[in-house]
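Asker: give me a model of this one.
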Amino acid sequence: MIKNIQEATEFLRKRGFENPEIGIILGTGLGQLIDTVEILNEVSYNHIPNFPTATVEFHKGKLIYGILEGKKVVVMQGRFHLYEGYTPQDVTFPVRVMHQLGIQKLLVSNAAGAINLNFKKGEIMLIDDHINLQGTSPLAFLGVEHLGERFVDLSAPYDSEMNKMLEEIAVEKDIQLHKGIYTSVLGPQLETRAEYRYLKFIGTDAVGMSTIPEVIVANHLKLPVAAISVLTDECDPDNLHPVNISDILSQAAKAEPNMIALFAGLIAKL
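Answerer: Sure, this is the predicted structure:
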């Protein structure tokens, strides 16, 4: 893996990806942030050595390098999921490459379902903690100790300083920002009524199919990370309707400007 990381990093450096300060991962339906970036270079995933290729139709599959709020950023426009058939190491490979390029902070977004029924679709949630129900870990492989400590502490997986700043920015900009626990499941199927009840019982506020592998690896690399969920549906087991992907995407688009404002505000202050 070290060799693969080095190959991908060198490829990107030769294409102008020089000393980015902040990495950003954009989730399902959350690509508008790119419009706020002064793009200097971009590369399709399938051109980067050893990179996976995004297979979900609403994930673009590009790595963007540019300037946002005066900072050099590298942005994943489209991410990878275990449900696409990738390994946890595949899913988190870009995080290791961005770290090797030089990022000092990682910002992550995702689309999620609201288990906490006090939260409504079209709103956003700052992730304060998480529950991993994907049944695997991106650190469970032979040789992981060559990339960092095997037994990574996750008592505080999300950076408290960045989270505090995001909450302050939300107040300044009059943005409603919930805070809660994100649970990641394998997918790609949506949950049953019984599964939604179980998720609520164990303390979940929002559920999705991503983010946690990247956060685990960020902690493995001692890379401060903050994450925001855009709430695209309400998971009420007593009033459950068939999933509507077009509605999920429209809700993501509705909430995305607030997520962008928070990320841009945070980047300006870092």
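Asker: which parts of the chain are strands?
Answerer: 22-26, 38-44, 62-68, 71-77, 105-114, 124-133, 177-185, 206-208, 225-234 (DSSP state E).
Asker: could the ones you listed go into TSV alongside mean neighbour count, mean pLDDT and distance to residue 258?
Answerer: C-beta here means a position set from N, CA and C on the backbone, and glycine is covered the same way. Output for those, formatted as TSV (neighbours: other CB atoms under 10 Å; pLDDT from 0 to 100; distance: least, CB to CB, whole Å):
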stretch	mean neighbour count	mean pLDDT	distance to residue 258
strand 22-26	25	96	14
strand 38-44	14	96	22
strand 62-68	21	96	16
strand 71-77	22	96	18
strand 105-114	26	96	11
strand 124-133	20	98	5
strand 177-185	21	98	8
strand 206-208	26	98	15
strand 225-234	26	95	8
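Asker: can the ones you listed go into TSV with extra columns for distance to residue 89?
Answerer: TSV is the format used below for those (distance: least, CB to CB, whole Å):
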stretch	distance to residue 89
strand 22-26	16
strand 38-44	21
strand 62-68	18
strand 71-77	16
strand 105-114	17
strand 124-133	15
strand 177-185	16
strand 206-208	20
strand 225-234	18
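Asker: those strands: which one's closest to residue 149?
Answerer: strand 225-234 (16.5 Å; CB to CB).
Asker: from the middle of its chain, how far away would that closest one be?
Answerer: 9 Å (CA atoms, centre = their mean, to the nearest Å).
Asker: ditto for stretch 6-25
Answerer: The mean C-alpha position of stretch 6-25 is separated from the chain mean by 18 Å, CA atoms, centre = their mean.
Asker: that stretch: end-to-end distance?
Answerer: 20 Å (CA to CA, to the nearest Å).
Asker: for residue 72, what are its contacts?
Answerer: Listed by CB atoms under 8 Å, 6 or more residues apart in numbering, the contact set of residue 72 reads 18, 19, 20, 21, 22, 65, 66.
Asker: please apply the same query to residue 184.
Answerer: Neighbour list for residue 184: 130, 131, 132, 133, 134, 207, 208, 209, 210, 211, 212, 213 [criterion: CB under 8 Å, 6+ apart].
Asker: same thing but at 10 Å, please
Answerer: Shown in contact with residue 184 (CB atoms under 10 Å, 6 or more residues apart in numbering): 81-82, 110, 112, 130-134, 204, 206-213, 215.
Asker: residue 131 now?
Answerer: So residue 131 contacts 181, 182, 183, 184, 185, 199, 202, 203, 204, 207, 212 (CB under 10 Å, 6+ apart).
Asker: and of those, the nearest to residue 175?
Answerer: Nearest to residue 175 out of the contacts of residue 131 is residue 182 (CB to CB; 18.5 Å).
Asker: how much space separates the closest one from residue 92?
Answerer: Separation of residue 182 from residue 92 (CB to CB, to the nearest Å): 17 Å.
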